[in-house]
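*Asks:* Could you look at this predicted model? Sequence included:
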Amino acid sequence: MTQGLLSVDDAIASIVRHRPPRAVETRALHDCLGCTLAEDVTSRVTLPPCDVSAMDGYAVRFEDARTPGAALRVIGAAPAGAPFAGRVSAGEAVRIFTGGAVPDGADHILIQEDAEAHGDTLRVSQAQSAPSHIRKAGIDFFTGDTLLRAGQRLGAAALGVAASGDHAAAPILKPLRVALLANGDELRPPGALGGSSGVISSNPFAIAALVRIWGAVPEDIGIAADSKDAIIARAQLAADADIIVAIGGASVGDHDHMKEAFLELGYDLHFNKVAVRPGKPAWFAGKGDRRVLGLPGNPASAFVCAHLFLKPLLGACDGLAETPARLAAPMAANGPRETFVRGKQTESADGLFARPLDRQDSALLTPFLEADCLIRRPAHAPAAEAGARAAIVRL
């Protein structure tokens, strides 16, 4: 680690230790997409609740239907939701449809493609090799089974499973509210430049999108001028936020007041700088249950640091999920800080490869239109040839 700077892994560990507390609330399933489950969900029902047909056809005794030409008498029907009340005895069949309850006495579904029906008379047209096409009660789950675990992110499949287990709502961790505060006299909102000098404030739009993807609720509280008082005034607009993401003003220049302003507001620093490139000025602080994560103002630095530090702060991960790969092109020796190089993945018969993009300047956003991973280069890593092993973090 560079002298006086925290390593990336130690910075992430500090963030995970100091995550803000989460309240628990119950929401209707329709409003739970992307939310984190607060408690285990167990099934209130058995699925399927009884033996059901997996095909359209006839519920029969296998022994009566195994031979082509065998004749059976149709004694009733069992559509889904309307079970046949009687019993299937020797030489009998019940017309059944997918999802219909298999009547007592039947142990096989003669699919309609293997039968010829003429009124109440049914003839087997194809030999039957074994009892088939019945879904046994509980093959998916039984009453009391744990369907979903606390901490699971609720996607489409999880919501469908919860509903199938007879739950109309779920206990979730209340999504964190994240206030985005940009800083810089030169910054202008999109559409306001109008040919004048200045820089478009794009970071809040990219970071807000990531916040939504990672299950939290973003709020843009605007652009603070380059003064401590202006930053404090803007920060006080985030009274309901669990986390403030302070973008810019994090370096050591004469106009960098972001960290100083939050210290004056009573926040305690958890870390000050990180031995990472891009993103050395990243910092993290807390006050009671609230947190502030400082990101660099350069767009690429902010975007990379959001993946490294904001994602675990929101609980969307507990650390960097690395994937082994090989380099698709040579890379120069690395300097004293761990570096995350924007790259592009390719799959081939020889495995997964990652190619570093040509443009790595920390002010550039357009490379992220192509980049789908970060190539992790340890501090002081020697030059590497194409084909060398590498670790990537997928974006």
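*Replies:* The structure has been received and is ready for your questions.
*Asks:* And stretch 20-34, what's buried?
*Replies:* Under the neighbour-count criterion of 16 or more other C-beta atoms under 10 Å, stretch 20-34 has 20, 22, 27, 29, 32, 34 buried. Any C-beta I mention is one placed from the backbone N, CA and C, and that applies to glycine too.
*Asks:* Hmm, which of these is lowest in pLDDT?
*Replies:* Across the buried residues of stretch 20-34, the bottom pLDDT score, 90, is held by residue 34.
*Asks:* contacting residues for that residue?
*Replies:* Taking C-beta atoms under 8 Å, 6 or more residues apart in numbering as the contact definition, residue 34 lies against 153, 154, 155, 215.
*Asks:* ok, now residue 297?
*Replies:* Listed by C-beta under 8 Å, 6+ apart, the contact set of residue 297 reads 182, 183, 184, 203, 247, 248, 249, 250.
*Asks:* how about low-confidence regions in this structure?
*Replies:* 1-3, 195, 250-255 (pLDDT under 70).
*Asks:* Relative to residue 145, how far out is the residue nearest to residue 28 when sequence neighbours are not counted?
*Replies:* What sits nearest to residue 28 in space, not counting adjacent residues and going by C-beta to C-beta, 6 or more residues apart in numbering, is residue 169, at 5.2 Å. When distance is defined by C-beta to C-beta, to the nearest Å, residue 169 is 19 Å away from residue 145.
*Asks:* and if you look at residue 258?
*Replies:* Where residue 145 is concerned, residue 258 sits at a distance of 50 Å (C-beta to C-beta).
*Asks:* The two: who's more crowded?
*Replies:* A direct count of neighbours by other C-beta atoms under 10 Å for residue 258 and residue 145 places residue 258 higher, at 28 against 15.
*Asks:* mind listing what that one touches?
*Replies:* The contact partners of residue 258, by C-beta under 8 Å, 6+ apart, come to 183, 231, 246, 248, 249, 250, 294.
*Asks:* Residue 341 now?
*Replies:* 331, 356, 357, 360, 374, 375, 377.
*Asks:* beta partners for it?
*Replies:* When bridges are assigned using DSSP bridges, the partners listed for residue 341 are residue 375.
*Asks:* For the remainder of this discussion, apply numbering that starts at 64.
*Replies:* Let's use 64 as the start, then, which means that last one is residue 404.
*Asks:* doesn't residue 269 fall inside a strand?
*Replies:* No - assessed with DSSP: H, G, I helix; E, B strand; the rest coil, residue 269 is helix; it does not lie in a strand.
*Asks:* Nearest residue to it in space, please, no chain neighbours.
*Replies:* For residue 269, the closest residue by C-beta to C-beta, 6+ apart turns out to be residue 366, at 5.8 Å.
*Asks:* what does residue 203 give?
*Replies:* The shortest distance from residue 203 to any non-neighbouring residue, by C-beta to C-beta, 6+ apart, is to residue 110 (4.3 Å).
*Asks:* Residue 296 too?
*Replies:* Spatially, and ignoring its direct neighbours in sequence, residue 296 is nearest to residue 287 (7.4 Å; C-beta to C-beta, 6+ apart).
*Asks:* how many neighbours does that neighbour have?
*Replies:* Residue neighbour count, defined by other C-beta under 10 Å, stands at 28 for residue 287.
*Asks:* Pretty sure it sits against residue 245.
*Replies:* Yes - Residue 287 lies in contact with residue 245 (C-beta atoms under 8 Å); the separation is 7.1 Å.
*Asks:* Could you list the domains of the chain?
*Replies:* In the domain annotation for the chain, the residue ranges read 71-85+239-376, 87-110+210-236, 115-198, 385-457 (automatic domain parsing).
*Asks:* out of these, nearest to residue 204?
*Replies:* Taking C-beta to C-beta as the measure, those were each checked against residue 204, and domain 87-110+210-236 came out nearest at 5.1 Å.
*Asks:* so how far is that closest one from its chain's centroid?
*Replies:* Put simply, domain 87-110+210-236 sits 15 Å off its chain's centre (C-alpha atoms, centre = their mean, to the nearest Å).
*Asks:* quick one on the thing from earlier: most neighbours among the contacts of residue 360, please name it.
*Replies:* Neighbour tally across the contacts of residue 360 (other C-beta under 10 Å): the maximum, 31 neighbours, falls on residue 310.
*Asks:* what about the residue nearest to residue 203, neighbour count?
*Replies:* 20.
*Asks:* Distance of it relative to residue 343?
*Replies:* Applying C-beta to C-beta to residue 110 and residue 343 gives a distance of 53 Å.
*Asks:* What is the burial count for residue 99?
*Replies:* In terms of burial, residue 99 registers 20 neighbours under the definition other C-beta under 10 Å.
*Asks:* Pretty sure it sits against residue 218.
*Replies:* No - counting by C-beta under 8 Å, residue 99 stays clear of residue 218, with 11.3 Å between them.
*Asks:* how about TSV for the contacts of residue 360, with secondary structure and distance to residue 336 added?
*Replies:* Formatted as TSV, those follow (DSSP: H, G, I helix; E, B strand; the rest coil; distance: C-beta to C-beta, whole Å):
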residue	secondary structure	distance to residue 336
245	strand	20
246	strand	17
247	coil	19
266	helix	19
310	strand	16
311	coil	15
312	coil	14
313	coil	9
